[in-house]
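Asks: generate coordinates for the sequence data below:
(chains A, B and C)
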Amino acid sequence: MNSSSLILKYFDTMSSQLGPSNWWPGETPFEVMVGAILTQNTNWQNAYKAILTLKDKSLLEPGKMYLLTESELAELIRPAGYFRLKAKRLKNFLFFLKNECAFNYSTLEKYSINQLRTKLLGVNGIGPETADSIILYAFQKPSFVVDSYTHRIFNRHGLVHQEMDYHELRDFFMLRLPEDPVLFNEYHALIVRVGKKWCQKKSPKCSECPLNIYLQNQE
DNA sequence: CACCAGGCAAGTA
DNA sequence: TACTTGCATGGT
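Replies: Down below sits the predicted model:
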């Protein structure tokens, strides 16, 4: 079996065992972008509390959020953790949106993935995972999202080296998968769900993981 | 009580 | 360049 088929088999196994993830069905792309920043190194439940607060106050729109002071915004997103830092990062991102497209972020769709990625990475507070999450989940363009679970799961299965960095891991998947945003979306979601349940750093439950139960000796 | 979550950037040597 | 540290709430 070639490596592309194997990577697809991982997807099929996770998908059939866990079912659809329905990740980031945000009401607007902007909600998804804000969520991507708020969930950095943070449980989604906490990030979502901040999203709900912003939504309740009708502030989940770039033009309105931009008018908030940094400390006002910080208080609103407090449950998301790192709230002062994230308020600063959101302000940086809003400043970017204002300069880049006068808050009409849909006009950013004209850019290629790499162009958009470079622009996003230029914002202080947006790193590779957040940039790829925005491109994939807000703009629905096929930029594969890597996270710590991606690295851990596939390293434990002996498919990637421990020392591979973010971009090497991203390339690993993008070279082996068809450029399908729907596939990339669900693939990343499934990896996180599998990782949380069976591939924790401490006391992983590998013997109960569908990837170990259904994929033995396939390489 | 300890540990960690859908990271990133700045500081240090 | 390579390694360390700060950021912070809320759930288990």
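Asks: quick one, helices of chain A?
Replies: A:3-18, A:29-38, A:44-56, A:62-67, A:70-76, A:83-101, A:113-121, A:128-133, A:148-156, A:166-174, A:181-198, A:210-213 (DSSP state H).
Asks: in stretch A:83-103, which residues are buried?
Replies: Going by neighbour count (16 or more other CB atoms under 10 Å), the buried part of stretch A:83-103 is A:83, A:86-94, A:96-97, A:100, A:103. From N, CA and C alone the C-beta is placed, and that goes for glycine too.
Asks: just stretch A:23-32 next, same as before
Replies: A:23, A:24, A:26, A:29, A:30, A:31, A:32.
Asks: from those, which two are the most distant?
Replies: Farthest apart among these by CB to CB are A:23 and A:30. That separation is 16.6 Å.
Asks: who's in contact with the residue in chain A that DNA strand B sits nearest to?
Replies: Going by CB to the nearest atom of the strand, DNA strand B is nearest to residue A:127 of chain A, at 2.2 Å. Contact analysis of residue A:127 by CB atoms under 8 Å, 6 or more residues apart in numbering lists residue A:121.
Asks: hang on, the earlier thing: can you put the buried residues of stretch A:83-103 in a markdown table and add distance to residue A:116?
Replies: Putting the buried residues of stretch A:83-103 into a markdown table (distance: CB to CB, whole Å) gives the following:
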| residue | distance to residue A:116 |
| --- | --- |
| A:83 | 27 |
| A:86 | 22 |
| A:87 | 24 |
| A:88 | 22 |
| A:89 | 18 |
| A:90 | 18 |
| A:91 | 20 |
| A:92 | 16 |
| A:93 | 13 |
| A:94 | 17 |
| A:96 | 12 |
| A:97 | 12 |
| A:100 | 10 |
| A:103 | 16 |
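Asks: widest-spaced pair of those residues?
Replies: A:83 and A:100 (25.1 Å).
Asks: and the residue nearest the centre of chain A?
Replies: Centroid-nearest residue in chain A: residue A:133, 3.6 Å away (criterion: CA atoms, centre = their mean).
Asks: which one is the residue of chain A found nearest DNA strand C nearest to, not counting chain neighbours?
Replies: Per CB to the nearest atom of the strand, residue A:81 is where chain A lies closest to DNA strand C, at 2.8 Å. Leaving out its chain neighbours, the residue that sits closest to residue A:81 by CB to CB, 6 or more residues apart in numbering is residue A:42, at 4.9 Å.
Asks: who are the packing partners of the helix or strand of chain A with the lowest mean pLDDT?
Replies: Sorted by mean pLDDT, DSSP states H and E, the helices and strands of chain A end with helix A:210-213, the least confident at a mean of 92. Applying 3 or more CB pairs under 8 Å, 6 or more residues apart in numbering; DSSP states H and E, we find helix A:210-213 packed against helix A:3-18, helix A:181-198.
Asks: which bits of chain A sit near DNA strand C?
Replies: Contact residues (CB under 7 Å from any atom of the strand) of chain A with DNA strand C: A:41-43, A:45-46, A:49, A:78-79, A:81-86.
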